[in-house]
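Trainee: one predicted model, sequence on top.
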Amino acid sequence: CARVCASSSAANQNTPTCSLHVHTHTHHLHTMSMHVHTNTIEQVLSPIADQVAQFIVIDEQSRITGSGIPDLTAAAEVVGVATRNLENVGRESMVNADEELRKHMPAACDMVRDAGLMFLDATLKLKIDPHSASGRGLLITAARGLLRGTTDIFIVLDAFEVRKMLQLSAGVIKAVESCKMISTMEDLVSYVKNLRELLSVFSSTIDGRAEELKNATHRTRLMAAIEIIRNACPLLVSAVRAYVQSKRSAHALSGRDYAINQLVDATREIIQVLKSTDLDDNTYMEQPGQFASNAEEVSNFHGSLAELDRCVNVTSKLLLDAQAVHDGCQHEKRRAALAEVISITKELLSKAPRAKTEKLGADLVVALRESTGRLEQKVKDAVAADIAGTVLTSRALDDVELLLQHAKEQRGQLLLEANQFRTDAELVGKVAKQVAETSLDAKRVHLVSQTVQQMSNSAAQVENAALLVLQEPENKAAVEHLSLLSGIWKQQMMSLRSTISSMVSPQDIMAAAGEAIISDLAQDPSAATSQTDDSLPLASIDQVVCVAEHEMENCDDPAVKARVEQLSIRLKKLKPVFARSLSYRASKRTSSAAADDNNSAAANELRGNTSEVIATIQALRAAVSGANAVTMSDLTAQLAATGLLGEASSLSCGATSVASTGKTHPGAFAIATAASAAATAAASA
């Protein structure tokens, strides 16, 4: 088609009629390509389309130059053999086909046969008279008929294959729903064997179709749906087993029906994609986060009275989203900073009714643009802090582990753990949605939204399965089902972690983690109510390591990668040492130990280990951002400002000992490696 367009452009100056002739055929080829849905058909038709284009170019050039059409009889003989073979394939396909194929295939085969004969007639005429007008007309008509007939044959065959897939899909739905009739373990064994065989055939068939499709959206939807089916199959078997072995409880029934719906809904999604004929289907178009889109729109305002109404409208929407982030923010410092900017922006909005002149309106638009820029950053800071405290911590994952442990051993705690898991899981979903809202990465926004929905469904089923175990403690299948569901939720959680980590600045997450450690350790340990509180600083370390490892995977600079890896390993080694020193905080909860601890060795050890952890985190921030090194005095002042890291003089002394003697003073390694991070950290503070 490109060749035809280029040729017609060259010929356009002298022969507008012929140029129109070429464009007509080009449009015809483009229209036919719109009906081609698979790569295989396109690969077969492309060379034929090229040949048709060549014939048109030859005809066009001969009209321009006045030369005759060259001898094409040899090509006509090759075409004749190919068309006869294709016609035979088409007619043989009708033997074991449905009524729809038998209805449409004969006409397509006739078109290919007639086009082949017409092509031969045209070449014979042109061999006798290279300037024959009727020969030229037959040549172009034959070429067009060959392309159209071949296309029709393949489209009819492809439609037949799609109908077979639709029948297979209907069979899968019927088979899945039939599990409601199972009442014994013997029935279940037989059912599982048949279902697995059916789903194996179904999966391979849909996988093949997904690879063939030209439309990327359709391909992605098919792959996602078939993946759900693969994961839901063992879930269905487990749920039905728990139901059969239960006392027909509502929890067991809910678990079974959930698994059925997972399979049925995914299969219906496949059916919908198979039926779709629109190559430009944008029904499932990925969209960036709404907050991020609105913030970007405001940032593009130039500053005029004409923009004021729209600016006020969009800014009002931003404030609603920012207020929601503020209300749910777990970090007091970030929440306060966000509240201040929200207040300033609201005050600016209140001036809009009085901004009637061009200057007042323009100035207000500029002021709102600057204020919403700060608002966007504070929202991202608050979200990063919440990520550090929820998505990247192991709290919700620990809930699942405790749930499984109590399901097997201490069932008296099961209901409490189920409720705690639900609370933490809901918080993870809420924060993840906020991350999506503040991102312009449409692909990841869609992925987060999809994963959060899956996790919400899985979490509800984890809680439901736990209640079944509580209700029927003797039902071993119920415990196994809870374990399977927990595993699914954990996989989804790790997937969400990975996606979220790639959407937020690693420096922001590391900064939030460092602040969280200082904040946790600054609290009065004697007021703590459980040992679990001491796990929060350790979880913050896990967050930083998680982000650092993600950065290593995506880093192309060997030097930076090695530096990040070195510091990440260092932080991992510090974690168990830091964990042991946290036992000092636990001892402060007892009145006997609380009396004399200000100068204890344990307190000094905690301060020293904290200094190394914080400094290593800061060094990692610098490593992933490429920050420049700063003076040791700046570093020690920044570390000492935390109030938890010991005396600045001792830190400086430790660093000096490394520089002069090469020996490691306690805390000196982390301090030395943190030097390049202090400027960034100080600016952030």
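Mentor: On my side now, so go ahead.
Trainee: same for whichever helix in the chain runs longest, what does it pack against?
Mentor: Secondary structure of the chain read by DSSP state H shows that its longest helix is helix 133-177. Secondary-structure packing of helix 133-177 (3 or more Cβ pairs under 8 Å, 6 or more residues apart in numbering; DSSP states H and E): helix 16-33, helix 39-65, helix 73-92, helix 99-128, helix 185-212, helix 250-275. For the C-beta atoms, the positions are set from N, CA and C on the backbone; glycine is no exception.
Trainee: okay, these in JSON lines with distance to Leu606, mean pLDDT and mean neighbour count next?
Mentor: Below are those laid out as JSON lines (distance: least, Cβ to Cβ, whole Å; pLDDT from 0 to 100; neighbours: other Cβ atoms under 10 Å):
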{"stretch": "helix 16-33", "distance to Leu606": "70", "mean pLDDT": "46", "mean neighbour count": "16"}
{"stretch": "helix 39-65", "distance to Leu606": "62", "mean pLDDT": "79", "mean neighbour count": "17"}
{"stretch": "helix 73-92", "distance to Leu606": "79", "mean pLDDT": "87", "mean neighbour count": "15"}
{"stretch": "helix 99-128", "distance to Leu606": "77", "mean pLDDT": "92", "mean neighbour count": "18"}
{"stretch": "helix 185-212", "distance to Leu606": "54", "mean pLDDT": "93", "mean neighbour count": "15"}
{"stretch": "helix 250-275", "distance to Leu606": "45", "mean pLDDT": "94", "mean neighbour count": "19"}
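Trainee: turn these into TSV, including distance to Asn294.
Mentor: Output for these, formatted as TSV (distance: least, Cβ to Cβ, whole Å):
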stretch	distance to Asn294
helix 16-33	38
helix 39-65	39
helix 73-92	55
helix 99-128	49
helix 185-212	35
helix 250-275	31
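Trainee: of these, which is nearest Ala224?
Mentor: helix 250-275 (8.0 Å; Cβ to Cβ).
Trainee: the inter-axis angle of that closest one versus helix 133-177?
Mentor: Between helix 250-275 and helix 133-177, the angle comes out at 170 degrees (axes from the mean of the first three to the mean of the last three Cα atoms, to 10 degrees).
Trainee: mind giving me the packing neighbours of helix 250-275?
Mentor: Applying 3+ Cβ pairs under 8 Å, 6+ apart, we find helix 250-275 packed against helix 133-177, helix 216-245, helix 442-471.
Trainee: between the ones you listed, which one is nearest to Ser568?
Mentor: In terms of Cβ to Cβ, the element of these nearest to Ser568 is helix 442-471, at 23.5 Å.
Trainee: report the buried residues of the helix or strand that that closest one is followed by.
Mentor: Following helix 442-471 in sequence order, the next helix or strand is helix 476-501 (DSSP states H and E). Neighbour counts over helix 476-501 (16 or more other Cβ atoms under 10 Å) mark 477-486, 488-490, 492-493, 495-497, 499-501 as buried.
Trainee: now find how far off-centre helix 476-501 is within its chain.
Mentor: 18 Å (Cα atoms, centre = their mean, to the nearest Å).
Trainee: now the helix or strand that that helix is followed by: mean pLDDT?
Mentor: Following helix 476-501 in sequence order, the next helix or strand is helix 506-522 (DSSP H and E). With pLDDT averaged residue by residue, helix 506-522 scores 73.
Trainee: next one: stretch 311-322
Mentor: 94.
Trainee: which residues sit against it?
Mentor: Here stretch 311-322 makes contact (Cβ atoms under 8 Å, 6 or more residues apart in numbering) with 290-291, 294-295, 297-298, 301, 338, 341-342, 345-346, 349, 352, 364-365, 368-369, 372, 375-376, 378-379, 437.
Trainee: can you check stretch 466-474 too?
Mentor: The contact list for stretch 466-474, computed with Cβ under 8 Å, 6+ apart, reads 242, 246-247, 249, 251-252, 255, 403, 407, 411, 414-415, 417-418, 421, 475, 478-479, 481-482.
Trainee: okay, buried residues for that stretch please.
Mentor: Buried residues in stretch 466-474, counted by 16+ other Cβ under 10 Å: 466-470, 472.
Trainee: now do stretch 313-324
Mentor: For stretch 313-324, burial by neighbour count (16+ other Cβ under 10 Å) applies to 314-315, 317-319, 321-322, 324.
Trainee: check contacts around the spatially most central residue of the chain.
Mentor: Centroid-nearest residue in the chain: Leu447, 3.0 Å away (criterion: Cα atoms, centre = their mean). With contacts defined as Cβ under 8 Å, 6+ apart, the neighbours of Leu447 are Thr499.
Trainee: can you tell me how far Gly328 is from Asp321?
Mentor: Gly328 is 11 Å from Asp321, where distance means Cβ to Cβ, to the nearest Å.
Trainee: touching, Ile271 and Leu166? I think so.
Mentor: Yes - in this structure Ile271 lies within contact range of Leu166 using Cβ atoms under 8 Å: 6.1 Å.
Trainee: low-confidence ranges in the chain?
Mentor: For the chain, the stretches flagged by pLDDT under 70 are 1-36, 277-284, 392-394, 409-412, 519-536, 584-600, 626-685.
Trainee: indicate which one of the helices and strands packed on helix 133-177 is closest to Ala232.
Mentor: Ala232 lies closest to helix 250-275 among these, at 4.0 Å (Cβ to Cβ).
Trainee: quick one: the closest one to helix 442-471, angle?
Mentor: Between helix 250-275 and helix 442-471, the angle comes out at 150 degrees (the same axes, to 10 degrees).
Trainee: do you know how far Lys430 is from Gly289?
Mentor: 14 Å.
Trainee: more crowded one of the two?
Mentor: Remark: of Lys430 and Gly289, Gly289 carries more neighbours, 25 against 15, as counted by other Cβ atoms under 10 Å.
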